[in-house]
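Student: structure for the following, please:
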Amino acid sequence: MIISKDQLATLEERYRAQLINSVSGFKSANLIGTIDNNGLTNLSIMSSVIHLGSNPPLLGMVFRPHSVPRHTLENILETGVYTINHVNNEIFQKAHQTSARYPKSISEFEACNLTPLFHETFIAPFVQESVIRIAMEYREHQTLKLNETVFLVGEILHIELPEEIVAATGYADLEVANTVCISGLDSYHKTRRLAQLPYAKPV
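Tutor: Residues are numbered from 1 along each chain as shown. Here you go, the predicted model:
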C-alpha cells in the first residue's frame, strides 16, 4: 500500500488524522494539569510531550492551532506553570475522557473522577493517581507558520516518582511505573522491554 501526498489530501478528514497520527509511531501519554488565575483547574491528555534537553531540563509539547479556546494552553500562558503526569494502566480510560470538550467552567478532574494534588509552593495541580509527576515552568512558545500549531517549551522544576524505579545510572524504569503509551488518537498500549543496550560507540 502506497499513499501519495495527493492521495492523502483527498482522504476523509478523520481517517487521515488517524493514519498520520498512528504512522508517526508510539507516543507518550501524559495528563497536563493547569489552573487559571481564578482558581479553576483543567486537565487534558497530551501525546506530544518530547525531550528537548537535559541541561537545562526542557520538555516541549505541541498544541493544535489556537483558533478556538485551548484551556490548557491559555492557563499555561496565564500562570506560567503546569504539571505533566504520566498516564498508567489504572487510569488510562479516565485520562482519555479528559479529551472531551468540556466547557471551561467544568474541571476535568471532577468530570473524569481524577484527584487534583496541590503543593504549597506550586499552584498548578498534579494528578494524585499518577505515579510519575513533573512540575513545569513555561519558558517560550512559537506558532508554526506551516500549520499554525503552537510549540511550547517548559523547564522542569521538580520531579516526583518512586525511588525504587530509578536505577543507579539515573534510568527511570517506566514499565515498573506501569506508564502506558498511545498510538493514533485513541489506542493505548502497555510496553515490554526487549533489552537495555550499552552506550553505542564506533566499532
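Student: which element is E140 on?
Tutor: strand 133-143 (DSSP states H and E).
Student: from the contact counts, what lies against that strand?
Tutor: Contacts defined by 3 or more CB pairs under 8 Å, 6 or more residues apart in numbering; DSSP states H and E place strand 133-143 against strand 57-63, helix 71-79, strand 81-86, strand 122-127, strand 150-160. Where C-beta positions appear, they are placed from N, C-alpha and C, glycine not excepted.
Student: which neighbours does it have in its sheet, and in what orientation?
Tutor: Applying DSSP bridges to the sheet, strand 133-143 is found paired with strand 81-86 (antiparallel), strand 150-160 (antiparallel).
Student: need the winner for burial among those.
Tutor: Mean neighbour counts were compared across the strands paired with strand 133-143 using mean count of other CB atoms under 10 Å; the top stretch is strand 81-86, at a mean of 24.
Student: could you point out which element follows it?
Tutor: Where DSSP H and E defines the elements, the next helix or strand beyond strand 81-86 is helix 92-97.
Student: need the contact partners of that following helix.
Tutor: With contacts defined as CB atoms under 8 Å, 6 or more residues apart in numbering, helix 92-97 is touched by 29, 31, 45, 87, 108, 111-114, 129, 180, 186, 188.
Student: what about 7 Å?
Tutor: With CB atoms under 7 Å, 6 or more residues apart in numbering as the test, helix 92-97 has contacts from 29, 31, 45, 87, 112-114, 180, 186, 188.
Student: what is the mean pLDDT for the helix or strand hosting R16?
Tutor: Using DSSP H and E, the element containing R16 is helix 13-23. Mean pLDDT, helix 13-23: 91.
Student: for L185, give me the pLDDT.
Tutor: Per-residue pLDDT puts L185 at 86.
Student: residue contacts, it?
Tutor: L185 sits next to 17-18, 21 when contact means CB under 7 Å, 6+ apart.
Student: how about the nearest residue to V62, chain neighbours excluded?
Tutor: Spatial nearest neighbour of V62, chain neighbours left out: S48 (4.1 Å); criterion: CB to CB, 6 or more residues apart in numbering.
Student: surely that neighbour touches M61?
Tutor: Yes. Counting by CB atoms under 7 Å, S48 touches M61, with 4.8 Å between them.
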